[in-house]
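sequence first, then the predicted structure:
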Amino acid sequence: MDLSKLPKRTNDVQPPAQHAGGFSPGPGPAPAEPDASVKMDIWISGAVGTLSLLLYPRWLKWASSRVFGTPFDPFVKPDGTIVPYTQVPEFWADLGPTLFGVALLLDALVLLLARRNLLAVGMGMTLTALATVYNAVYIVASFGKYGLALASALAVIVGGMMLMAQWPLFKSLLRRGG
């Protein structure tokens, strides 16, 4: 029986076309609507980023007081001496979770709005890497004096996972030329 004489179904999947160089083109442009796993990543990044900023609001309150003149309570020693926030250990401890929260929110925004934009993905990865490295350095620098900084340790773990998830998207955008 000659199979070539049978009628072809119209919904058969065609193999990818081969270019003159013998390679197949990469996947087409990203779909307009994110798939379920990307939607889950967006929700998780947004929720954990927001939670991190809600749990560690002091650094943002201080930054807001510097930019907008909003009130910020000073640190007072038991003898009544006022110590600027930038000179207390809490400043550096608060910076790590704040950077992490901002990186997560930016990651959610990039996945939601600009996942086909090489510059946006690259900036998101850069901020994620900076937040992760800062938290890792803070853990090492403060461990002997204050013990394990749990929020920074979680930021390093989740930040590493985020970078591993962002890398394939960045590589594919780089191959396509952004």
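Noted; the coordinates are in hand. Numbers count the residues shown, from 1 in each chain.

need the next SSE after the longest helix seen in the chain, C-terminal direction.
In the chain, ranked by residue count with DSSP state H as the criterion, the top helix is helix 118-146. Scanning forward in sequence from helix 118-146, with DSSP states H and E defining helices and strands, the next element found is helix 150-176.

returning to that earlier point: and the angle for the longest helix of the chain with helix 150-176?
Helix 118-146 and helix 150-176 are oriented at 160 degrees to each other (axes from the mean of the first three to the mean of the last three C-alpha atoms, to 10 degrees).

by contact count, what packs against helix 118-146?
Packing partners of helix 118-146 (3 or more C-beta pairs under 8 Å, 6 or more residues apart in numbering; DSSP states H and E): helix 89-113, helix 150-176. From N, CA and C alone the C-beta is placed, and that goes for glycine too.

looking at these, which is buried most?
helix 89-113 (a mean of 21; mean count of other C-beta atoms under 10 Å).

next, the angle helix 118-146 makes with that helix.
Relative orientation of helix 89-113 and helix 118-146, computed by the same axes, to 10 degrees: 160 degrees.

what helices or strands is helix 89-113 leaning on?
Other elements packing on helix 89-113 under the criterion 3+ C-beta pairs under 8 Å, 6+ apart are helix 36-55, helix 58-68, helix 118-146, helix 150-176.

that helix to helix 36-55, inter-axis angle?
150 degrees.

what average pLDDT does helix 89-113 get?
If you average the pLDDT over helix 89-113, you get 92.

how about stretch 36-51?
Summarised as a single mean, pLDDT over stretch 36-51 is 86.

then stretch 159-175?
pLDDT averaged over stretch 159-175 equals 87, rounded to a whole number.

so who does the residue nearest to Ile139 when sequence neighbours are not counted touch?
Nearest non-adjacent residue to Ile139, counting by C-beta to C-beta, 6 or more residues apart in numbering: Ser152, 5.1 Å away. Neighbour list for Ser152: Ala93, Gly96, Pro97, Phe100, Asn135, Ala136, Tyr138, Ile139 [criterion: C-beta atoms under 8 Å, 6 or more residues apart in numbering].

next, count neighbours for the closest residue to Thr70 other than its chain neighbours.
Nearest in space to Thr70, with sequence neighbours left out and distances taken as C-beta to C-beta, 6+ apart, is Ser64 at 4.8 Å. Here the number of neighbours of Ser64 (other C-beta atoms under 10 Å) works out to 14.
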